[in-house]
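Chemist: Give me a 3D structure for the following:
(chains A and B)
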Amino acid sequence: RRRADMFVIVGRSEPLYELELSGGSGASASGNLDQFIIHSALDMVDTALLQHTSLFLRTVDSFGEKFVSAYVTPSHVKFMLLHERNKNEDTIKAFFQEVQELFVKITLNPFYTYDTAITSKGFDDRVRALANRYLA
Amino acid sequence: MASRSAQRAGDVAWARTPKVNGELFALTYGAMVKRLVEDYTEIDEVNEQLEKMGYNIGIRLVDEFLAKAGLPPCQGFQETAEVIAKVAFRMFLGVAADVTSWNSEATAFSLLLADNPLAEFVELPRQYKTLCYSNVLCGVVRGALEMIQYRVEVTFLQDVLRGDDVNELRVELQEVLSEDLGEQYKDD
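Modeler: Purely as a prediction, here's the structure:
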């Protein structure tokens, strides 16, 4: 049974980083659908922001058996996680928090222009490692 | 002066100097390098500008150092190297350097820096891989040594930002300048 989770970092106007955590092999036929789900969930994030006082917004949207959890940084950069099972919220929150630490380090790089795509391989490797640790 | 007492002098000097937030320092330097990279088209020009800036800092810094560190005059180039590495670097950058790789004539040595506070959060993008990000340090050493009558050339041999394990500055003595006051003061 294929488990295709997806993690996206969304900036002010465009996605900054995407990570597909496919459990199985083969191209994700629902790959585009995953992105669509995440982007349509962005509106729900804005609504949820008004209700929550914390950064972790938990599950903001669901589509079939897919759930979208979100976390917003103080600068309104959104971390979105698409997952199939309703995972333990604390693990998701811990994952988001660790990614945020990596994210902050990237923004402190003088050569990184804020709100642009994150191309650092180091960042990618570390996020993958975190995903395997928390979400596998 | 033994290396250990130089180290102690360095620690004392570091304890006495006023401190600034390390992140602010790194970010300020990073903003300046980024600005230079955007203003100059060639990376070599940026490296040269960083070195020149360092030189201007170095010629002033040495007086501050000699006043604050309170050390007796060095007995030669080798002792000078130790003092630069253990006292000056420690006092101004917070991290002491190691002196290694002396050549046979004792006119060239390397300064090894394990930690570089200037490059704290930096990752060099691929198009800037010839950039000597911390080249200002080379200029500082060159300027400071020139004020104490040593004309040197300092280059960045190894750089952690460019994939090496350690930061290595190579200092090569070109000429010992004499203490002449100049033609106008000579007795006829």
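
Chemist: What does the residue in chain A that chain B sits nearest to show for phi and psi?
Modeler: When scored by Cβ to the nearest Cβ, chain A has residue A:110 as its residue closest to chain B, at 2.9 Å. To be clear about C-beta, it is placed using only N, CA and C from the backbone, and glycine gets the same treatment. Per-residue torsions, residue A:110: phi -60, psi -20 (degrees, to the nearest 10).

Chemist: Three-state assignment for the residue nearest to it when sequence neighbours are not counted, please.
Modeler: The shortest distance from residue A:110 to any non-neighbouring residue, by Cβ to Cβ, 6 or more residues apart in numbering or on different chains, is to residue B:30 (2.9 Å). At residue B:30, secondary structure determined by DSSP: H, G, I helix; E, B strand; the rest coil is helix.

Chemist: any idea how far the lengthiest helix in chain B is from the chain center?
Modeler: Ranked by residue count, the top helix of chain B under DSSP state H comes out as helix B:43-69. Mean-position distance between helix B:43-69 and its chain equals 7 Å (Cα atoms, centre = their mean, to the nearest Å).

Chemist: just checking, what packs against the worst-scoring helix or strand of chain A on mean pLDDT?
Modeler: In chain A, no helix or strand scores lower on mean pLDDT, DSSP states H and E than strand A:56-63, which sits at a mean of 75. In terms of contacts (3 or more Cβ pairs under 8 Å, 6 or more residues apart in numbering or on different chains; DSSP states H and E), strand A:56-63 is packed against helix A:31-51, strand A:66-72, helix A:89-107.

Chemist: what comes up buried for that strand?
Modeler: Buried residues in strand A:56-63, counted by 16 or more other Cβ atoms under 10 Å in any protein chain shown: A:56, A:57, A:59, A:60, A:61.

Chemist: What of stretch B:87-100?
Modeler: Neighbour-count burial for stretch B:87-100 flags B:87, B:88, B:89, B:90, B:91, B:92, B:93, B:96, B:97, B:98, B:99 (criterion: 16+ other Cβ under 10 Å).

Chemist: right, and the helix or strand after the longest helix of chain B?
Modeler: Remark: after helix B:43-69, the chain's next helix or strand is helix B:77-83, criterion DSSP states H and E.
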